[in-house]
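Enquirer: Return a 3D structure for these sequence lines:
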Amino acid sequence: MYYEIAKNDHGLPYNPLKACVVPRPIGWISTMSKAGLVNLAPYSFFNLLSYDPPFVCFSAGVHTEDKAVKDTVINIEETGEFVYNLATWAQRDAVTSSAMIVDRTVDEMAAAGLEPLPSRLVRPPRVGGAPVHFECRYFKTVELPGRRPTSCHKVVFGEVVAVHIEDDVLTPDGLIDVLKIRPIARLGYKDYAAVDSIFQMEKHTPEEALTPRVAAE
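Expert: Numbering: from 1, shown residues only. Here you go, the predicted model:
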């Protein structure tokens, strides 16, 4: 099939776009307002962008209630800080709960029954139970125009300044045990995925790829 975005003429019952780039990491972002109110929300347009120094970014649409800028974005732009918390299978219900709360006066972390953990270099708390946290400082925002006011997005970039990893998710070799963590990721429609299996691939040149491999006897 083929369709053009401007025409939206895919002819399918649901727009397939989000199901074409999968799985997408979930940025479970905790922030704090200037007044000290904690906000927690998941974003499925999220990723790690670089390594030295590391930067992350997420894209946020407008608030569902009043079509205004999301609290997460406002808090980050006003305070310059946020925390990325790794979303896992064990906390999937809390991830969903934090996405459903739209009242700007509610502390989503408390409402979802989550324990706030103190950060070291930034003010926003970390989510207790999440095995990995990135403390981040705000870098910049890029505005993406929408065809409608409700489809405008703000892409927030932040520099990672500190990392927390739970000791019990590290293997004896010093690697993160992804299968123990079971991260969850966003698919299309209402679908999600959990990491339940992994495999390794070695990098090789095109010439090496064409060389027949003989099985060990």
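Enquirer: okay, CA-based contacts and neighbour counts for the rest of this
Expert: Noted.
Enquirer: Average pLDDT for the helix or strand where A41 lies, rounded please.
Expert: Assigned by DSSP states H and E, A41 belongs to strand 38-43. In this model, strand 38-43 carries a mean pLDDT of 97.
Enquirer: and what of stretch 171-187?
Expert: 97.
Enquirer: I'd like the numbering to begin with 695 instead of 1 from here.
Expert: Okay, using 695 as the starting number, the last item reads as stretch 865-881.
Enquirer: quick one: buried residues of that stretch?
Expert: Using 16 or more other Cα atoms under 10 Å as the test for burial, stretch 865-881 gives 870, 875-881.
Enquirer: mind listing which of those are in strands?
Expert: Among the buried residues of stretch 865-881, the ones falling in strands (DSSP state E) are 878-880.
Enquirer: and stretch 696-709, how far apart are its ends?
Expert: Terminal residues of stretch 696-709 are spaced 12 Å apart (Cα to Cα, to the nearest Å).
Enquirer: where does the residue nearest to K848 when sequence neighbours are not counted fall, helix, sheet strand or coil?
Expert: The spatial neighbour of K848 that comes closest, neighbours along the chain excluded (Cα to Cα, 6 or more residues apart in numbering), is E837 at 4.5 Å. What DSSP: H, G, I helix; E, B strand; the rest coil gives for E837 is strand.
Enquirer: What separation do you get for E837 and V756?
Expert: From E837 to V756 the distance is 12 Å (Cα to Cα).
Enquirer: same deal with D787?
Expert: D787 sits 23 Å away from V756, going by Cα to Cα.
Enquirer: Run through the residues that contact E860.
Expert: Contact analysis of E860 by Cα atoms under 8 Å, 6 or more residues apart in numbering lists 825-826.
Enquirer: Dihedrals phi and psi, it?
Expert: phi -60, psi 130 (degrees, to the nearest 10).
Enquirer: Wait, K874 touches V863, no?
Expert: Yes - using Cα atoms under 8 Å, K874 makes contact with V863 at a distance of 6.6 Å.
Enquirer: Can you identify each of the helices in the protein by residue range?
Expert: 765-773, 786-794, 802-805, 872-875, 900-904 (DSSP state H).
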